[in-house]
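Student: A predicted structure for the sequence below; I have some questions about it.
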Number of protein chains: 2
Amino acid sequence: MSITIKDIAKFAEVSTSTVSLVISGKGYVSNDTREKVQKIIDEYNYKPLRSAQQLASSQTGNIGFIISDIHLSRSEAFYSRILLGAELEARNHDMYILLSTVGAKIDIPHGVPRFLNNHDVDGIIIAGSVPVDLVYCIRDLKIPTVLIDYRVDGVDFDSILMDNRNGVQQIINHLISNGITKIGFVGGSFYHPSIKERFEGYQIALVNNNLGHIAQNEDYHYLIDYETSVECGDRGLAILLKKVPELEAVICVNDTTATGCLQYLKRIDKSAPKDIKVTGFDNVNFSAFTNPPLTTVNVPKVQMGVEGLKLLIDRIQNGISVHQTRLIPVELVVRESTFLTDTNND
Amino acid sequence: MSITIKDIAKFAEVSTSTVSLVISGKGYVSNDTREKVQKIIDEYNYKPLRSAQQLASSQTGNIGFIISDIHLSRSEAFYSRILLGAELEARNHDMYILLSTVGAKIDIPHGVPRFLNNHDVDGIIIAGSVPVDLVYCIRDLKIPTVLIDYRVDGVDFDSILMDNRNGVQQIINHLISNGITKIGFVGGSFYHPSIKERFEGYQIALVNNNLGHIAQNEDYHYLIDYETSVECGDRGLAILLKKVPELEAVICVNDTTATGCLQYLKRIDKSAPKDIKVTGFDNVNFSAFTNPPLTTVNVPKVQMGVEGLKLLIDRIQNGISVHQTRLIPVELVVRESTFLTDTNND
DNA sequence: TAATAATGTAGAAACGCTTCGATATTATTA
DNA sequence: TAATAATATCGAAGCGTTTCTACATTATTA
């Protein structure tokens, strides 16, 4: 039917093993032979059949990407950008990504993504929080795994994290250097490590600036809702302002929550930055288009996906023994929700 | 290493071919034998190796899912719900989904999703609009293909569409039966067929209600922006109200755009439904949480993914000759952005 | 009851690749 | 210069399935 490695070998007048070596780049092949074979391959646009490669090499060429369905459909493109980055890098290694969403509750072992039980992946990426039972299950499977924007205490995985604490510190320095000190925090519960880290960054930065009394004062903190959402921000700022009417700024755990704060301000006929400074986190695509545009922290989402896949490939191919954590730097993006400026800051 | 079909055959004291027949459910196997073999399979938790199956059967067991990167990251979980549905149904057929995003421009044939050139999929789902060149390319490849929420004039594919015209008609009937007639439309350009259909539905419904003059009056229509977005709705309603101050209702092409209208109303110190009725379309997850909650049209997104995959499987397995279009019914969801009610309508 | 059809099972040949030796040639070292 | 190492190529085995063919056995039909 289609053209096979045998055909190429015949046309190039070499053995199939030589063709295979040329394709994989392994072993010894003379330059002359390599070029001759490559020319034939190109001429016939030959692509080795994946299933045959897989069967012979006992590698699947697939990466399993696990994400909670909530994250995928609610988190405003944050995780889908990570997926995008992973896919981008997967192409460079000629691998495919098998996507699987998981619910908040899954029963082990029947409810786990199929590719786990079926041995259909060479490695796994977990993006964002998933049920811990699943994490334990995957650890026991001993499949190479990388966590992106997630970690589980007591489980030692390679991971890609963003520097949440530093990001919030940048925000706080930005506020304090402009004379703002009465700074509140609106977030979600600590079900996700990033939320916890952002709040910790908030507390540390305040303490470092001799504002420990605010860092400790629960009136300044709204950390109740399980999921972060627009409504969470709306409700959160309302409650904070009731307790602390003199609040000067509110740091939101992410851009979505910050949108909620802006919404609340508008409802009570106030606005940022005039009455109160509002900041977000993540720099998702809509954050430049809120009214006013959000000061936030840019998280290189696509790059996190790329790095995650690179790390995973590294482990699959080289089986490095010690687990790595890569902390991705983040960067303050100043827009008008904190201070009106003349300079255009994109 | 792992357990193979040979092991199962040995333990069950049958041939490998019999085991294979039991697994696939094809051919003739006596009940006794079937049960005996199945018991062994279960006992050892045996799963056939995909690559071997694929090689022997020359089927990949994969479905390619193509979506524009804009759709994936901007369209508020609409398309990711479709993806979810497709994945759900893929599981029932023990197939995997290979996801590929494409940009607004791609060069044929090098920029097309890899799985096309590499013969790594048995069929393709295209969700939402993609470059037409890609559609032509896929047609020429003669791979079974299903379009979901998209169509291209002159290309005959199986497709899953939603009943956009009927949805808008339901909205208009809802408005008119409550005495509202001065109804505007805010949408995007017609790059996507659904946008065009929704506008057509708007016009048809008006004509049917003896409101043809409004259907024809361009002052009532904002159809400029390429992408539908919050800003598009904000800007659109502003312009409409300038031209038609007595406007009573605005039908938005989707929930995102409707959100923009609500935003604009708030800015000019007006609100829905008091000053003007606002409706959306799609019923995405946030539409129940806007302020006020949006009257909209529910589109069964997950079901569309499921149906798309079913149709695709049908074509792959049975090679049905005539192309099918399945029109998915939609349903009006009345919330408070049109009329304040006593009844709770979820 | 004899011929035919349906049912049930097994053996072995693919499927298209990778990789392990084996062998031959060339380069390097002692 | 002889022994060894590095380079280059090939043939063939093997990866774990599916499926074709052959051969029995049992059920159905004339």
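Tutor: Happy to help now that I have it.

Student: look up how far B:Thr60 lies from the closest residue to A:Gln54 other than its chain neighbours.
Tutor: Closest residue in space to A:Gln54, ignoring its immediate chain neighbours: B:Ser51 at 3.5 Å, by CB to CB, 6 or more residues apart in numbering or on different chains. The C-beta positions use only the backbone N, C-alpha and C, and glycine is treated the same way. For B:Ser51, the distance to B:Thr60 (CB to CB, to the nearest Å) stands at 10 Å.

Student: shared neighbours of the two, anything?
Tutor: Both B:Ser51 and B:Thr60 are in contact with A:Arg50, A:Ser51, where contact means CB atoms under 8 Å, 6 or more residues apart in numbering or on different chains.

Student: pLDDT of whichever helix in chain A runs longest, averaged?
Tutor: In chain A, with assignment by DSSP state H, the single longest helix is helix A:301-318. Throughout helix A:301-318, pLDDT has a mean value of 93.

Student: right, and the helix or strand after it?
Tutor: Using DSSP states H and E, the helix or strand that follows helix A:301-318 in sequence is strand A:325-328.

Student: now that following strand: buried residues?
Tutor: Neighbour counts over strand A:325-328 (16 or more other CB atoms under 10 Å in any protein chain shown) mark A:Arg326, A:Ile328 as buried.

Student: for it, which strands pair with it and how are they oriented?
Tutor: Next to strand A:325-328 in the sheet, as set by DSSP bridges, lie strand A:158-162 (parallel).

Student: now the partner strand - C-alpha only, PDB.
Tutor: Written as PDB, here are the backbone C-alpha positions of strand A:158-162 (Å, rounded to 0.1, in the frame of the first residue of the first chain):
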ATOM      1  CA  ASP A 158      10.000  16.900  38.700                       C
ATOM      2  CA  SER A 159       8.100  20.100  38.600                       C
ATOM      3  CA  ILE A 160       7.700  23.400  36.900                       C
ATOM      4  CA  LEU A 161       6.600  26.100  39.300                       C
ATOM      5  CA  MET A 162       6.300  29.800  38.900                       C
END
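
Student: toward the C-terminus, what is the element adjacent to it?
Tutor: helix A:164-176.

Student: which elements pack onto the longest helix of chain A?
Tutor: Counting by 3 or more CB pairs under 8 Å, 6 or more residues apart in numbering or on different chains; DSSP states H and E, the packing neighbours recorded for helix A:301-318 are helix A:78-92, strand A:123-127, strand A:145-148, strand A:158-162, strand A:325-328.

Student: mind listing what the residue nearest to A:Lys182 when sequence neighbours are not counted touches?
Tutor: Distance criterion CB to CB, 6+ apart; nearest residue to A:Lys182, sequence neighbours excluded, is A:Glu248 at 4.2 Å. Counting by CB under 8 Å, 6+ apart, A:Glu248 touches A:Leu175, A:Ile180, A:Thr181, A:Lys182, A:Ile183, A:Ile276, A:Lys277.

Student: picking up where we left off before, which residues touch the residue nearest to A:Gln54?
Tutor: So B:Ser51 contacts A:Arg50, A:Ser51, A:Ala52, A:Gln54, A:Leu55, A:Thr60 (CB under 8 Å, 6+ apart).

Student: quick check: phi and psi at the last one.
Tutor: Okay, so that is A:Thr60. phi -90, psi -30 (degrees, to the nearest 10).

Student: what of the fourth one?
Tutor: Dihedral angles phi and psi of A:Gln54 (degrees, to the nearest 10) take the values phi -60, psi -50.

Student: that one reaches A:Asp94, doesn't it?
Tutor: No: at 11.7 Å, A:Gln54 does not count as touching A:Asp94 under the criterion of CB atoms under 8 Å.

Student: in terms of neighbours, single out the busier of those two.
Tutor: A:Gln54 (21 against 12; other CB atoms under 10 Å in any protein chain shown).

Student: all the helices of the stretch 1-150 of chain A, residue numbers only.
Tutor: Along the stretch 1-150 of chain A, counting by DSSP state H, counting those that start in this stretch, helices occupy A:5-12, A:16-24, A:31-44, A:50-57, A:69-74, A:78-92, A:114-117, A:132-141.

Student: quick one: list the elements packing against the fifth one.
Tutor: What that stands for is helix A:69-74. Packing partners of helix A:69-74 (3+ CB pairs under 8 Å, 6+ apart): helix A:78-92, strand A:96-102, helix B:78-92.

Student: now that helix: mean pLDDT?
Tutor: 79.

Student: can you give me the buried ones in it?
Tutor: A:Asp69, A:Ile70, A:His71, A:Leu72, A:Ser73, A:Arg74.

Student: got the end-to-end distance for stretch A:264-284?
Tutor: Stretch A:264-284 has an end-to-end distance of 20 Å (CA to CA, to the nearest Å).

Student: near chain B at all, that stretch?
Tutor: Yes: applying CB under 8 Å from any CB of the partner chain, one finds stretch A:264-284 touching chain B at A:Lys266, A:Arg267.

Student: can you mark which positions in that stretch are buried?
Tutor: A:264-266, A:272-273, A:276-284.

Student: run the chain-centre distance for it.
Tutor: Remark: stretch A:264-284 is offset 26 Å from the chain centroid, using CA atoms, centre = their mean, to the nearest Å.

Student: again, but for stretch A:52-71
Tutor: 19 Å.

Student: pull out the buried positions in that stretch.
Tutor: A:53-55, A:60-71.

Student: circling back: what's in contact with the longest helix of chain A?
Tutor: A:63, A:78, A:81-90, A:93, A:95, A:122-125, A:127, A:144-146, A:148-149, A:158, A:160, A:162, A:282, A:320, A:324, A:326, A:328.

Student: what angle separates that helix from strand A:158-162?
Tutor: 160 degrees (axes from the mean of the first three to the mean of the last three CA atoms, to 10 degrees).

Student: please say whether there is contact between helix A:301-318 and DNA strand C.
Tutor: No: contact of helix A:301-318 with DNA strand C (CB under 7 Å from any atom of the strand) is absent, the minimum separation being 11.6 Å.

Student: for the residue in the stretch 151-300 of chain A positioned nearest to DNA strand C, name its beta-bridge partners.
Tutor: Of all residues in the stretch 151-300 of chain A, A:Asp158 sits closest to DNA strand C, at 23.6 Å by CB to the nearest atom of the strand. Listed beta-bridge partners, A:Asp158: A:Val146 (assigned using DSSP bridges).

Student: give the contact list for it.
Tutor: A:Pro144, A:Thr145, A:Val146, A:Leu147, A:Leu311, A:Leu312, A:Arg315, A:His323, A:Gln324, A:Thr325.

Student: do A:Leu141 as well
Tutor: A:Leu141 neighbours (CB under 8 Å, 6+ apart): A:Leu116.

Student: A:Gly296 belongs to a helix?
Tutor: In this structure residue A:296 is Thr, not Gly. No: checked against DSSP: H, G, I helix; E, B strand; the rest coil, A:Thr296 lies outside a helix; its state is strand.
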